[in-house]
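[1] what shape does this take:
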Amino acid sequence: MSGRLTASLYLAAWRIAPRLPIGVVRGFSGVVADLAWLSRGRQVRRLEDNHARLLGRRPTRTEARAAVRSHMRNYAEQFALGGFTREQIAAVLRMDPPDLLRTLGADGPVVLALTHSGNWDLGGADVAQNVMPILTVAERLDPPGLFDAFVTFREGLGMEIIGAGRGESVFPQLVERARGRSVVVPLLADRDVTGAGIEVDLCGHRALVAAGPAALAERLGRPLVTGVLHYVDEPGGATLALELRGPVPAPGPTATHTGVETHTQAWVDAVAPLMREYVRDWHMMQPVFVEDLDPERLARARERHRRKEQEEAERP
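    Numbers count the residues shown, from 1 in each chain. I've put the predicted structure just below:
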């Protein structure tokens, strides 16, 4: 599917979905999910493989179908979110512990390492409107018009977005804009897309995750929290929960690992039990475990990152 066609479909969904009852939108997403699950495409198989590594066994057919339905529900609710009122958004999210972010952020930024779970746009809207402002990074999309619509959408929900092109470092800009402010800085960090990822142990398997959360927390001297968003559908109450762990202590450097590397492993250790418990809502349809990655492609990405770091270090 071409980028132009994909953008047109996304923009159409953003226009149409907010006008429909949320039950209709969710019902349609369930039908699409079942068709995707029955087709057993590459992304569905990758989702099942990733879940198998967290669980230590293959997911059952019922579990796999529920996971694909959760993934499609995330898309459906993102499209429908523009039609939510502030009151509806305020009722959506249950946080545990409820005051952790507000308490830690009273005197400065809080860095939040998240997984691709639940609905991060819906959770972010609730936090931005009812807890603290949000500052985050989003990868630039192609075509640019789709990314502009995406940013406008999220800013309308109360989030401050820094756009990052593929391979582009916005770390200095993120530091500058976060420093000294009472903001939450949520970063989706359970997958590396830069070539600068950190290899960690995740549920007994080697995986590449983003260095950003630990690096930012250490640069700012601020607390690092981790967590998982997952669906709950409480009768008459919340439909989404944010389970938080932290602040995650920084173990410091060792003889073989930097402080950022040990801090990254620490937050992964803290979040891994939550990822396993709420595995249905982990929407990871891309390779994240080292054994699934193309070694040559990974080596090229790391070499590009090494050269880029060297060039930046040599600049006057």
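[2] now the stretch 151-300 of the chain, which segments are flagged as low pLDDT?
    Scanning the stretch 151-300 of the chain for pLDDT under 70 picks out the ranges 165-168, 195, 296-300.
[3] all helices of it, in order?
    Applying DSSP state H, counting those that start in this stretch to the stretch 151-300 of the chain gives helices spanning 171-178, 212-220, 259-277, 295-314.
[4] ditto for the stretch 1-150 of the chain
    Along the stretch 1-150 of the chain, the stretches classed as helices by DSSP H, counting those that start in this stretch are 3-16, 22-39, 42-55, 61-80, 86-92, 100-104, 120-130, 144-156.
[5] contact partners of the second one?
    To tie it back to what came earlier, the one meant is helix 22-39. For helix 22-39, the surrounding residues in contact (C-beta atoms under 8 Å, 6 or more residues apart in numbering) are 17, 44, 64-65, 68-69, 71-73, 75-77, 79-80, 83. Placement of C-beta: from N, CA and C, glycine included.
[6] in contact with the residue lying closest to Phe79 once chain neighbours are set aside, which residues?
    Excluding its sequence neighbours, the residue lying closest to Phe79 (C-beta to C-beta, 6 or more residues apart in numbering) is Ala17, at 3.7 Å. Ala17 sits next to Val25, Ala76, Phe79, Ala80, Gly82, Gly83 when contact means C-beta under 8 Å, 6+ apart.
[7] need these in a markdown table with neighbour count, pLDDT and distance to Pro133, can you?
    As requested, those are arranged in a markdown table below (neighbours: other C-beta atoms under 10 Å; pLDDT from 0 to 100; distance: C-beta to C-beta, whole Å):
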| residue | neighbour count | pLDDT | distance to Pro133 |
| --- | --- | --- | --- |
| Val25 | 22 | 88 | 28 |
| Ala76 | 23 | 91 | 27 |
| Phe79 | 22 | 86 | 24 |
| Ala80 | 23 | 88 | 24 |
| Gly82 | 14 | 83 | 20 |
| Gly83 | 14 | 85 | 23 |
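[8] tell me the one among the residues you listed nearest to Val185.
    Closest approach to Val185 among the contacts of Ala17 (C-beta to C-beta): Gly82, at 23.9 Å.
[9] what sits closest to the closest one if chain neighbours are left out?
    Residue nearest to Gly82 in three dimensions, not counting chain neighbours: Pro18, with 4.1 Å by C-beta to C-beta, 6+ apart.
[10] for Val200, give me its contacts.
    Val200 makes contact with Arg206, Ala207, Leu208, Val209, Thr264, Gln265, Val268 under the criterion C-beta under 8 Å, 6+ apart.
[11] give me the pLDDT value at the residue nearest to Phe79.
    Confidence at Ala17, expressed as pLDDT, is 85.
[12] and the gap between it and Val68?
    Look at Ala17 and Val68: by C-beta to C-beta, to the nearest Å, they are 19 Å apart.
[13] the residue nearest to Gly82 contacts Gly83, correct?
    Yes - counting by C-beta atoms under 8 Å, Pro18 touches Gly83, with 2.9 Å between them.
[14] overlap in contacts, these two.
    Counting by C-beta under 8 Å, 6+ apart, nothing touches both Pro18 and Gly83.
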